[in-house]
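Enquirer: Starting from these lines, generate the structure:
(chains A, B, C and D, ligands or ions: 4)
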There are 2 protein chains.
Amino acid sequence: MHSFTEENYLKAIYKLTEQVGSEVSTNAIAEKMSTKAASVTDMLKKLSDKKLINYQKYQGVTLTSKGEKVALSVIRKHRLWEMFLLEKLDFKWDEVHDVAEQLEHINSDKLIEQIDKFLNYPKFDPHGDPIPDANGKIQAQKSKSIAHYIKNDVLVMTGVVDHTTAFLQYLDKTGIALGDEIKIKEVVFFDRSLQITINKKTTVFISNDVAKNILAIKK
Amino acid sequence: MHSFTEENYLKAIYKLTEQVGSEVSTNAIAEKMSTKAASVTDMLKKLSDKKLINYQKYQGVTLTSKGEKVALSVIRKHRLWEMFLLEKLDFKWDEVHDVAEQLEHINSDKLIEQIDKFLNYPKFDPHGDPIPDANGKIQAQKSKSIAHYIKNDVLVMTGVVDHTTAFLQYLDKTGIALGDEIKIKEVVFFDRSLQITINKKTTVFISNDVAKNILAIKK
DNA sequence: AAATAAATTTAGGCTAGTCTAAAAATAATT
DNA sequence: AATTATTTTTAGACTAGCCTAAATTTATTT
Ligand SMILES: [Mn+2]
Ligand SMILES: [Mn+2]
Ligand SMILES: [Mn+2]
Ligand SMILES: [Mn+2]
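Expert: Ligands and ions are numbered 1, 2, ... in the order given. Now for the predicted structure:
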C-alpha cells in the first residue's frame, strides 16, 4: 500500500491544513516532520504522482480526497490505539502517543475494526480528539480554549492543544483531567492568567499560556 | 534499535538453526526470506559487523547470544500478539499470523509486558508454539508428530509443523484442534496413513503427509 | 586428481528516503 | 522599480535493502 513515510507525510499535511485552513508550505511540512525542505520537495513530487496531493511548484499543497482518506485512516488508527492502550493496558494519557505512532501503520482492516468494537466504538481519544469512523467522518468539535471564556463561566474540559508529555504531566500534577468541570473564578487583567475551580473542589492558578492549551465547552 | 529487516533476518536464522541444529546456509536464509542469495550475503556482513551473528565467508552463520536475544524477543512478541488477536479480537488461528508479522516489530517494552499480563501470561501461542518469557527462556517441547506414534496410542494434540492457512483450515474442516484427544485406531502399512479418533467421538482418515504436520504427546 | 556442479560472494546498479549546497522563484523592503 | 530576504527547488551524494550477472570457492563426480 503506502509506506510508513508516505503515511506520515499525509498525516502531517492533513493536520497542518486543519491549522492553517489553506495550502500548506514546504517549510511547515519540513518543520512538522523534523526533516529538511529539500526532502519534502522530493516527497511532494512522489505524492503528487500518486494523486494523493494537489501540488504545483512554489504554490503549497492540499490533500486530494484520496490523500485525505489515507490521512484520516491513519489518524483513526492512531487514536483508537491510544484509547486501547489507555483503557485496556493501563497506559497513562502521556504515554500513549509514542507507541500509537508505531501502531498507526499496522495494515489490517479486520484488526482495526475489532479494536474499535473491543473498545465499544469510542468517539474521542485520551486527549479529547475525535476518532474518525471507518468512512473517515469526524464528529465536529466546538470546543474553545479556556482563554476565550470569561469570569463565572462553567465549563467541561474536553481536550488539549499541546499534546506533549510535559504538558500532560503538568495537567496531572495540577489536577486537571478530561471531563472535569472548570469554573472561571477570576481573570487577571494584567497577564490574562486564570483562577479556576476544578470539580467544585480545588482552586488553582494557571497562566494564559496554559489556558490557551486547554479546550473546554460551556456546561 | 534494529530495522524490521534485520529483525526478520535474525528470526529466520533462529528458526533455521532450530531446524538444522548447526550453521545455516546463505541459500537457506534466502529461501526463507524470499530473497536472493546476494542480498543475504550483504545482510550477513551487516549483522556480523553489529556482532549479531557469527559469520565467516562460505562457512554459514550462527547467532551470537546478542543476536539470539533479539530473535527471541521478536518471536515472543509475534506469539503474544497472535494470542491477543485470537483471545481478545475473535481472530481464527489461521488469521493471526500475517498481522502478527507486522505487530512483532513494534518497539515498546511496556506494551509487550502489558499484553502479556492482559492475556494472563500464556505459555503457548494459538498454534501450540511456546512463548519465550521476558528473558528469552522457552518452555521445552517434547511433542512429536503423530506419524511417530503407533496403534492404540492415546495422545493430546499440542501443535502443528505446517503453519499455512491452507493446512490450518484443513484441520478445522477435519475437526482437529489444539488440546483434542487423538487415539490412533489404525496405521495403514502400505502408505502410513492413519485412522484416528478425535475426542472419543469422530473417526477420520489422514494421510502420512498430514500426520507429519500434527504434533502431539502421549496422554 | 581433474572435471563438473552447486553454493556463495563480489561487482555494479536500482529505488526510497535522506542530506548539503547552490540555483531559482517569490515575497518583502527600501 | 530595484534590491534584499525568504522560501522553494534542483543537483549531487549518501545509506539501506534489493536485484542480476559474473567471479570465486567449496562440494561432488568421474
Ligand atoms: Mn497522539
Ligand atoms: Mn506515524
Ligand atoms: Mn505465526
Ligand atoms: Mn516479521
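
Enquirer: If you count contacts, what does the longest helix that chain A contains end up packed against?
Expert: Identified as the longest helix of chain A according to DSSP state H is helix A:65-88. Counting contacts by 3 or more Cβ pairs under 8 Å, 6 or more residues apart in numbering or on different chains; DSSP states H and E, helix A:65-88 is packed against helix A:4-20, helix A:96-103, helix A:109-118. No exception for glycine: its C-beta is placed from N, CA and C like everyone else's.

Enquirer: quick one: average pLDDT of that helix?
Expert: Mean pLDDT, computed over helix A:65-88, is 98.

Enquirer: related to what we said a few turns ago, would CSV of the helices and strands packed on helix A:65-88 with distance to chain B and mean pLDDT be doable?
Expert: As requested, the helices and strands packed on helix A:65-88 are exported to CSV (distance: least, Cβ to the nearest Cβ, whole Å; pLDDT from 0 to 100):
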stretch, distance to chain B, mean pLDDT
helix A:4-20, 10, 97
helix A:96-103, 5, 98
helix A:109-118, 4, 98
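
Enquirer: Give me the pLDDT for the residue nearest to the spatial centre of chain A.
Expert: What sits nearest the mean C-alpha location of chain A, by Cα atoms, centre = their mean, is A:Asp129, with 5.4 Å. For A:Asp129, the model assigns a pLDDT of 97.

Enquirer: Please apply the same query to A:Lys142.
Expert: On the pLDDT scale, A:Lys142 gets 89.

Enquirer: what's the neighbour count on it?
Expert: By other Cβ atoms under 10 Å in any protein chain shown, the residues close to A:Lys142 number 8.

Enquirer: do the same with A:Gly67
Expert: 24.

Enquirer: What residues does it make contact with?
Expert: A:Leu10, A:Ile13, A:Leu47, A:Lys51, A:Leu52, A:Ile53 (Cβ atoms under 8 Å, 6 or more residues apart in numbering or on different chains).

Enquirer: Can you pick out the most distant pair from those residues?
Expert: A:Ile13 and A:Lys51 (13.9 Å; Cβ to Cβ).

Enquirer: So these two - more neighbours on which side?
Expert: A:Ile13 (29 against 11).

Enquirer: looking at it, the more buried one is touching A:Thr64, isn't it?
Expert: No: contact criterion Cβ atoms under 8 Å: A:Ile13 and A:Thr64 do not qualify, at 10.6 Å.

Enquirer: tell me the pLDDT at the residue of chain A found nearest ligand 4?
Expert: In chain A, the residue that lies nearest ligand 4 is A:Ile106 (12.2 Å; Cβ to the ion). With respect to pLDDT, A:Ile106 has a value of 98.

Enquirer: Report the contact partners of it.
Expert: Contacts of A:Ile106 by Cβ under 8 Å, 6+ apart are A:Lys77, A:Ile112, B:Val99, B:Gln102, B:Leu103, B:Ile106.

Enquirer: Give the burial count for A:Asn135, as a bare number.
Expert: Quick note: A:Asn135 (other Cβ under 10 Å) scores 9 neighbours.

Enquirer: Secondary structure class of it, three-state.
Expert: coil (DSSP: H, G, I helix; E, B strand; the rest coil).

Enquirer: swap in A:Ile217?
Expert: strand.

Enquirer: Pretty sure it sits against A:Met157.
Expert: No: contact status for A:Ile217 versus A:Met157: not in contact, 9.0 Å apart, counting by Cβ under 8 Å.

Enquirer: For chain A, list the residues in contact with chain B, please.
Expert: A:85, A:88-91, A:95, A:98-99, A:102-103, A:106-108, A:110-111, A:114-115, A:118 (Cβ under 8 Å from any Cβ of the partner chain).

Enquirer: domain assignment for chain A?
Expert: A:4-63, A:144-218 (automatic domain parsing).
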